[in-house]
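**Q** Show me the folded form of this:
(chains A and B)
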Amino acid sequence: MNERVARCSMFVTPTNPRFIDKAWTRGGDVYILDIEDSIAPAEKERCRRLIRESIHKASKGGASIYVRINKPFVDADLPYAVWPGVDRIMLPKTESAAEMRHAHEIISRLERERGIPEGYIELSPMIESALGAVNIYEILTAVPRKIWSQGGGGGYDMAVNLGIEMFADFDQYAFPVANVALASMALGIEATGGVFVPNPSGRVDQSDQAVKQAEALHAAGIHHAGALHPAFIHPLVSGLSPTPDEITWARKVIDECTRLADMGESVGTLEGKIIDEYEYDMALRTRDWAAACAAKDRFKASALSRAQAGAQQQG
Amino acid sequence: MPRYIRRSSYPLAIEDPQLAEKAYGSWADAIILDFTRRADRDWQQDLKSRMPAAIHDAARGGAEVFVRINSGAAAAELESTIFSGITGIVLRGVPGAEDIQKASQCLDALEQDRGIVGGSLEIDVEIDTAAGVWRSLEIARASPRFGTFWANEQVLCKNLGMSSDPVLEFEPLEYIKSQLITVATSVGGQAQGMSYPLSLTQEDTGEDELRKAVRRARDTGFKGAVCPHASWIKACNEGFRPSPEETAHYVKVIEVFAEGLKRGMASVPMDGKMIDVPVDLRAKLYLEWARRAQARDEEKARAHGKPAA
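**A** Below you'll find the predicted structure:
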C-alpha cells in the first residue's frame, strides 16, 4: 500500500529481534530487510529463513517492505526474499545489464509460483562502484520490470571502490551521483537520492544531520532517502513531505493557471511571481506528492492503531 | 585500491644535462621523460641514440620511467623512444579511442622488435580537451594497456575557454575530475591529479598548503600527482597513501569487526560510526595499500643504497 512513498527507508537486520520487533513502532515508510552487509557470513542462512516472518513483523505499522540480497548469492537469496508483502528487491553492487536480467528472471519465476502478480515486485539496482556508475543506462534499461534507481555514490562501497576516505567536507561523488541521477531522469525512473551534505563526523545517528539531509533533498526535488539509524526516520519523513505553505502555493498556482487557460493565456503573475506551464507542472507534482504522503500517513496511522491494539491484547 | 603505487610523477627533459642527478635525487615514484624534436638534425635518429641512456638515468633511483608522446605523431615518436626499461607512455592530445588503439598496435610491434614483454607497456592518457573528457570512457576501454588518466588542467581550461588563473573560490573542474577518476576506476585503472588551486597555479608552495592540497586530491580519488617541482614529491609520496594514524585506526576497525563477528554481528558501532562488511573490507584494503606503499619506498631506498625509513 502506497509503496511509492518511501521518504525514509531504514535497514533492519532480521537476525536481531531487538531491531525487527520494534521496527513497526518507529514510523518509517519502508523497512529494508537486509541479508547483505549487516549480516555476518555465518548468519546468512538463518537470516534467509527469517525473512518471511520478518515481513509481517516489520510492516505492522504500515511500512512497505524491501529486501536487500547479496550480489554473490542472488540464486540462493531470492527464493527466501520474494514473498507476498515484499514490494522491492534491492540488488547491491549492480554493474551490468546481465545481472539485472538474471535477477529479473528468477523474480518472475517466483512471482508465478507464489501467487504474486508477475512484474509486481520492483527491482532496484544499487550503484556502488565506478563500473556500475558508467554502465547505468544499460542497467536501467535491462529488464521489462519497474525499476527504481538506488543512488550512485556516497556509500561505503563506492568509497572502497574509488579508494577514498569518506566524509570529506566536499562532494567526492560529483560524477557518479550525477550520472546515475541524469540517466534515471532521462528514463523517467524515480531515484532514491543523493545530494551532497557535509558530514565530516561520519556519524549515522544524529537527527540534526538528517534534518540537513532532508532539506537538501527536498530542495533538489528528491522524495526518497535511506537511513541506518532510527534517529533519521522522523526528520526524513517530515522533511521530505511538502510543507503546508508549499501545498497552499501549489493550489493557488493550479487555480490561477486554470483560470488563465480558460482565457486562452498561458503566462501570468501570482503574488508578484511569473507563473507559466513549468510552475503549473511543479504545482501538480506538489499536489500529487502531498496527496500520496497524506494517504501513506493515514495508512500508517491506521495500521499502527491496529498493531498497538493487538499488542495490548497480547500483553 | 590503487593498481599502481605511483604517488609522484616527475617530468624531466632528456635534454637536461642534470637529468640523472635530478631523477635520482627526486625520490619520485615515476619519471616522465619529455623530449624536443630537434630541427637541425634527423630528430628520430637523434632520439634513438639518446633514449636508452636517458631511460637508464631516469630509472637509477628506482623510479618507473614513462615517455610523453604526442598522439598526433605517435607512431614516429614511439618508434624513436620505446626501449627496454620503459614502463609505458603518457599520450597527450588524445581526442578519442582510435588514437589509443593505434598507439597500442605500435607498441605491440615495438615490444616484439625490442625484446620487451608483449603487452607489458602501459598507456597513460593526459586529458587536455573537452573531447577527451567526453570520450573518456571509450578511451579507457580502448586498450587493456590503459592505466592512468591525468587531467592537464592548465591546458584543459584553455580548451574549455576558461581562465587558467585560480580566481574562483570553488573547484571549477570538480565534475570533470570526478568523471576521470570514476571512468579510470571502472576499467581497473586510476587517475592522477592535484586539487584546486594548486592544480592550476602549479606553484612551488609551502609545505602545509601542499600537504592539505594532496590530502584533498586523495580524498577526491586521485592516487598520485604529476609534480611540476621536485619540492612536491615528498608530500605526494607521504600523502597519497594511508597515514600512520589511518593505519592504526583501521587495525582497530578490523579488530572491532572481528569481535562483532564472533558475537554473530556484522554491523558494529565504533565511535559513533557503523562498522560493517564494506568498512571492514576497506580497512583491509587500506592496510594492504599501506603495505604496498612501504614496499615501494623500500624498493627505492635499495636503489639509493639506503635502508628504508
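
**Q** What strand or helix carries A:Phe11?
**A** strand A:9-12 (DSSP states H and E).

**Q** Wasn't B:Glu126 part of a strand?
**A** Yes. The assignment for B:Glu126 (DSSP: H, G, I helix; E, B strand; the rest coil) places it in a strand.

**Q** quick one, phi/psi of the residue nearest to it when sequence neighbours are not counted?
**A** Spatial nearest neighbour of B:Glu126, chain neighbours left out: B:Arg92 (4.0 Å); criterion: Cβ to Cβ, 6 or more residues apart in numbering or on different chains. (Each C-beta comes from the backbone N, C-alpha and C, glycine too.) Dihedral pair for B:Arg92: phi -110, psi 160, per degrees, to the nearest 10.

**Q** got the domain boundaries for chain B?
**A** Residue ranges for each domain of chain B read B:8-239, B:244-303, as given by automatic domain parsing.

**Q** What is the end-to-end distance of the longest one?
**A** End-to-end distance of domain B:8-239 (Cα to Cα, to the nearest Å): 10 Å.

**Q** hmm, back to that, hey, least reliable of the domains of chain B by pLDDT?
**A** Looking at the domains of chain B, the lowest mean pLDDT belongs to domain B:244-303 (a mean of 91).

**Q** Next, count neighbours for A:Leu270.
**A** 15 (other Cβ atoms under 10 Å in any protein chain shown).

**Q** Please tell me I have it right and it contacts A:Glu256.
**A** Yes. Contact status for A:Leu270 versus A:Glu256: in contact at 4.9 Å, counting by Cβ atoms under 8 Å.

**Q** most neighbours per residue, which of the domains of chain B?
**A** Mean neighbour counts were compared across those using mean count of other Cβ atoms under 10 Å in any protein chain shown; the top stretch is domain B:8-239, at a mean of 19.

**Q** Can you give me the distance of B:Thr201 to B:Pro166?
**A** Distance check for B:Thr201 against B:Pro166: by Cβ to Cβ, to the nearest Å, it reads 6 Å.

**Q** and the strand holding A:Phe11, average pLDDT?
**A** For strand A:9-12, the per-residue pLDDT averages 93.

**Q** Likewise for stretch A:77-96?
**A** 97.

**Q** start to end distance for that stretch?
**A** 19 Å.

**Q** can you pull the buried residues of that stretch?
**A** A:77-78, A:80-83, A:86-95 (16 or more other Cβ atoms under 10 Å in any protein chain shown).

**Q** Select from the residues you listed every entry located in helices.
**A** The helices, defined by DSSP state H, take in A:77-78, A:80-81 from the buried residues of stretch A:77-96.

**Q** Which elements pack onto the longest helix belonging to chain B?
**A** Secondary structure of chain B read by DSSP H shows that its longest helix is helix B:277-303. The helices and strands touching helix B:277-303, judged by 3 or more Cβ pairs under 8 Å, 6 or more residues apart in numbering or on different chains; DSSP states H and E, are helix A:156-162, helix B:244-262.

**Q** tell me which parts of the stretch 151-300 of chain B are close to chain A?
**A** B:171, B:174-175, B:177-179, B:181-187, B:190, B:216, B:218-221, B:223, B:246, B:260-261, B:264-267, B:272-274, B:276-279, B:281-282, B:285, B:289 (Cβ under 8 Å from any Cβ of the partner chain).

**Q** list the contacts for the residue nearest to B:Val94 when sequence neighbours are not counted?
**A** Nearest residue to B:Val94, sequence neighbours excluded (Cβ to Cβ, 6+ apart): B:Ser71, at 4.9 Å. Taking Cβ atoms under 8 Å, 6 or more residues apart in numbering or on different chains, we find B:Ser71 in contact with B:91-95, B:99, B:103.

**Q** Am I right that A:Glu43 is in contact with B:Gly264?
**A** Yes. A:Glu43 lies in contact with B:Gly264 (Cβ under 8 Å); the separation is 5.6 Å.

**Q** which residues does B:Pro11 contact?
**A** By Cβ under 8 Å, 6+ apart, the contact list for B:Pro11 reads B:31-34, B:68, B:226, B:228.

**Q** for it, phi and psi?
**A** Dihedral angles (degrees, to the nearest 10) for B:Pro11: phi -80, psi 130.

**Q** Most widely separated two among the contacts of B:Pro11?
**A** Using Cβ to Cβ, the two most remote members of those are B:Leu33 and B:Pro228, lying 15.1 Å apart.

**Q** circling back to that earlier point, closest one to B:Ala20 out of the contacts of B:Pro11, please.
**A** B:Ile31 (10.5 Å).

**Q** Show me what the helix or strand containing that closest one is packed up against.
**A** Counting by DSSP H and E, the element that carries B:Ile31 is strand B:30-34. Packing partners of strand B:30-34 (3+ Cβ pairs under 8 Å, 6+ apart): strand B:8-13, helix B:43-59, strand B:64-70.

**Q** got the angle between the first one and strand B:64-70?
**A** Translated: strand B:8-13. In terms of direction (axes from the mean of the first three to the mean of the last three Cα atoms, to 10 degrees), strand B:8-13 departs from strand B:64-70 by 60 degrees.

**Q** now the angle between helix B:43-59 and strand B:8-13, please.
**A** 140 degrees.

**Q** Give me the sheet partners of strand B:8-13 and which way each runs.
**A** Strand pairing for strand B:8-13, using DSSP bridges, gives strand B:30-34 (parallel), strand B:225-226 (parallel).

**Q** Distance to B:Asp208 for these - can I get that in TSV?
**A** Output for those, formatted as TSV (distance: least, Cβ to Cβ, whole Å):
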stretch	distance to B:Asp208
strand B:30-34	25
strand B:225-226	17
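
**Q** Of all those strands, which one is nearest A:Leu140?
**A** Nearest to A:Leu140 among the strands paired with strand B:8-13 is strand B:225-226; the distance by Cβ to Cβ comes to 35.0 Å.

**Q** so how far is the helix or strand just after that closest one off the chain centroid?
**A** Moving toward the C-terminus from strand B:225-226, the next helix or strand (DSSP H and E) is helix B:233-239. Chain-centre distance of helix B:233-239: 13 Å, with Cα atoms, centre = their mean, to the nearest Å.

**Q** Can you work out which other helices and strands pack against helix B:233-239?
**A** strand B:8-13, helix B:207-220.

**Q** got these as TSV, with distance to B:Ala75 columns?
**A** Formatted as TSV, the helices and strands packed on helix B:233-239 follow (distance: least, Cβ to Cβ, whole Å):
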stretch	distance to B:Ala75
strand B:8-13	22
helix B:207-220	34
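
**Q** Show me which residues of stretch A:248-255 are buried.
**A** Here stretch A:248-255 shows A:249-250, A:253-254 as buried, counting by 16+ other Cβ under 10 Å.
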